[in-house]
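**Q** Predicted model, plus sequence, below.
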Amino acid sequence: MSKIKDYLKKPNEKAQNAFICNINEISERLKELTNYVENHMGYNPEEINWGHVGTSSHFLKELTELTDMAYNRGEYAKTKDGNT
């Protein structure tokens with residue numbers, strides 16, 4: 001019986017390891033993005049044009065979707081019955 005329990009544990013352990021790897025990768029990418037934004041996305045602030053505004057708007061849209069997913073906001077908001 002313990003072999004069955006051990007077998008059932010392993011897939012969960014693998015999932016946990018994969019999840020931790022993903023979390024670490026997300027953390028690294030967030031650090032990179034923070035650095036990128038703090039450096040004006042690599043642009044000279046004196047040379048900003050509407051193309052740069054479009055690029056920054058795209059970044060903002062994508063990040064807003066991710067934060068909405070994370071915090072159940074916007075289209076991901078849960079209704080009173082618990083459904084999205």
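**A** That came in fine, so what should we check first? Numbering: from 1, shown residues only.
**Q** So which residues lie in contact with whichever strand or helix holds Ser57, not counting its own?
**A** Using DSSP states H and E, Ser57 falls within helix 50-71. The contact list for helix 50-71, computed with Cβ atoms under 8 Å, 6 or more residues apart in numbering, reads Met41, Tyr43, Arg73, Gly74, Glu75, Tyr76, Ala77. To be clear about C-beta, it is placed using only N, CA and C from the backbone, and glycine gets the same treatment.
**Q** same thing but at 7 Å, please
**A** Met41, Tyr43, Gly74, Glu75, Tyr76 (Cβ atoms under 7 Å, 6 or more residues apart in numbering).
**Q** ok, and the closest non-adjacent residue to the third one?
**A** What that stands for is Gly74. Spatial nearest neighbour of Gly74, excluding adjacent residues (Cβ to Cβ, 6 or more residues apart in numbering): Asp68 at 3.9 Å.
**Q** try the second one
**A** Spatial nearest neighbour of Tyr43, excluding adjacent residues (Cβ to Cβ, 6+ apart): His52 at 5.5 Å.
**Q** That neighbour and Glu38: what is the separation?
**A** 16 Å (Cβ to Cβ, to the nearest Å).
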